[in-house]
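> would you be able to build a 3D model of this:
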Amino acid sequence: MALRSAGIVGPVRPRPVDLLDVRIIVFGIALTNPVRQALSTVVKFKKSMFHFLVSYDKGIFGFGRRRFWRLTLNEESLHLRVAVNASNRIRGYAGLQEDTKGVPVLRWLIANDGETAKQLLFNILADSHAFREHGVWLALYVRSHIASELLKHVDTSRLQPWMQVFNRKEPFLHYRNIVVFTYI
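You can find the predicted model right below:
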């Protein structure tokens, strides 16, 4: 077994922002440069997207998780958003679920690029009433360049470093696309 620094985990709270520097603020998460042309459109997950989601997910993780998705999509209080491009190809997804105390946990944020990740984060948190009260718990992968882009837009003062234990058979094919992967 190898120990490697994998990321940071903790609650993310809205960061104090300079209103002159920010163009859009939603619930304290500052999204700068909103004038950039969006590469993706974020939509709520629909059952008709299931096979496309499973296929995209397999490309990220390197193995099929069809059974996992069938079970997970039936869980209570799961909110899933999918980013699609103009030709309806999936470019990322994000899942938010509340824990037993009602605190939102960002379970996954997988995206092809930083703009898509910001769109997914913005969209999924905008619909969460619990986020306004409690913030959100998440585990960010520091190896992902997309995660470092997201950290510019949130308060990182309460984030804690953590270690991930795994063997050399780590199955992730596109590790760089995994921004958040939180187990609850």
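
> what about Val105, helix or strand, and which?
Element membership of Val105, judged by DSSP states H and E, is strand 104-111.

> what packs against that strand?
Counting contacts by 3 or more Cβ pairs under 8 Å, 6 or more residues apart in numbering; DSSP states H and E, strand 104-111 is packed against strand 90-98, helix 114-126, helix 129-134, strand 136-141, strand 178-181. Any C-beta I mention is one placed from the backbone N, CA and C, and that applies to glycine too.

> what's the angle from that strand to strand 90-98?
Strand 104-111 and strand 90-98 meet at an angle of 170 degrees, taking axes from the mean of the first three to the mean of the last three Cα atoms, to 10 degrees as the criterion.

> what's the weakest-modelled helix or strand in this structure?
Least confident helix or strand, the chain: strand 24-26 with a mean of 34, by mean pLDDT, DSSP states H and E.

> any idea how far Gly59 is from Ser87?
16 Å (Cβ to Cβ, to the nearest Å).

> out of these two, which sits in the busier spot?
Gly59 (12 against 5; other Cβ atoms under 10 Å).

> what helix or strand is the more buried one located in?
Mapping Gly59 onto the secondary structure by DSSP H and E places it in helix 50-61.

> any idea of the mean pLDDT for that helix?
Helix 50-61 carries an average pLDDT of 92.

> which parts of that helix are buried?
Going by neighbour count (16 or more other Cβ atoms under 10 Å), the buried part of helix 50-61 is 53-54, 56-57, 60-61.
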